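> Give me a model of this one.
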Amino acid sequence: MGGRSDRTERQARNEALVREVNERIEALDKQAAERGWPPPDGRFQFRCECGAAGGCAALLAMTLQQYEHVRSENDRFAVLPGHENLEIEDVVERHERFLIVDKKPDYDPLVQDDVRGAPPS
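Numbering: from 1, shown residues only. This next block holds a predicted model:
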């Protein structure tokens with residue numbers, strides 16, 4: 001890769017910020033599930049982690065297990081299909097409602113602040 005641009009660095013950092021929002025959403029969703037209030041289909045709404053400039057208002061429907069799977073590596077994010085940026089990430093899984101993307105090595109240091117996820121493989 002020929003180096004990172006300010007725009008792509010900003011997008012990667014934005015993805016990490018949205019991940020923090022989703023961490024808080026997941027904590028509330030877990031409480032709801034524990035209290036017997038899960039959605040009928042078992043899917044909760046999470047924010048798209050694409051890190052688009054100006055923010056992304058798209059929501060992704062995922063089960064708590066699917067969300068935990070995304071968090072299993074600290075350089076992976078869930079995005080709406082079509083919101084992936086192949087300049088900074090590769091699609092590693094495709095699901096009906098979302099994609100899981102993995103940061104390219106040049107961008108890993110910008111997003112590795114997720115203490116829950118394992119280091120990139």
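> So residue 45 belongs to a helix, correct?
No: secondary structure assignment (DSSP: H, G, I helix; E, B strand; the rest coil) places residue 45 in strand, not in a helix.
> what about residue 21, is that helix, strand or coil?
Secondary structure for residue 21, judged by three-state DSSP, is helix.
> The closest residue to it other than its chain neighbours - how many residues pack around it?
Leaving aside its chain neighbours, residue 21 sits nearest to residue 47 (5.5 Å; criterion: CB to CB, 6 or more residues apart in numbering). Just so you know, the C-beta spots here come from the backbone N, C-alpha and C atoms, and that holds for glycine as well. Applying other CB atoms under 10 Å, we find 18 other residues in the vicinity of residue 47.
> spatially speaking, which residue is in the middle of this protein?
In the chain, the C-alpha closest to the average C-alpha coordinate belongs to residue 77, at a distance of 2.7 Å (CA atoms, centre = their mean).
> So what pairs up with it in the strands?
The bridge-partner assignment for residue 77, based on DSSP bridges, gives residue 101.
> quick one, what contacts it?
For residue 77, the residues meeting the contact criterion (CB atoms under 8 Å, 6 or more residues apart in numbering) are 15, 18, 19, 49, 50, 51, 70, 89, 100, 101, 103, 111.
> how close does it get to residue 39?
Summarising the geometry, the distance separating residue 77 from residue 39, computed by CB to CB, to the nearest Å, is 22 Å.
> where in the chain is pLDDT low?
Per-residue confidence for the chain (pLDDT under 70) gives these ranges: 1-3, 113-121.
> how about the strands in it?
Taking DSSP state E as the criterion, the chain contains strands spanning 44-47, 59-62, 76-79, 89-94, 99-103.
> From the rest of the structure, what touches the second one?
For strand 59-62, the external contacting residues (CB under 8 Å, 6+ apart) are 41, 43-48, 70, 78-80, 97-98.
> what about 6 Å?
Taking contacts as CB atoms under 6 Å, 6 or more residues apart in numbering, the residues outside strand 59-62 that touch it are 43, 45, 46, 48, 78, 97, 98.
> Just the buried residues of that strand, please?
For strand 59-62, the buried set under the neighbour-count rule, 16 or more other CB atoms under 10 Å, comprises 60, 61, 62.
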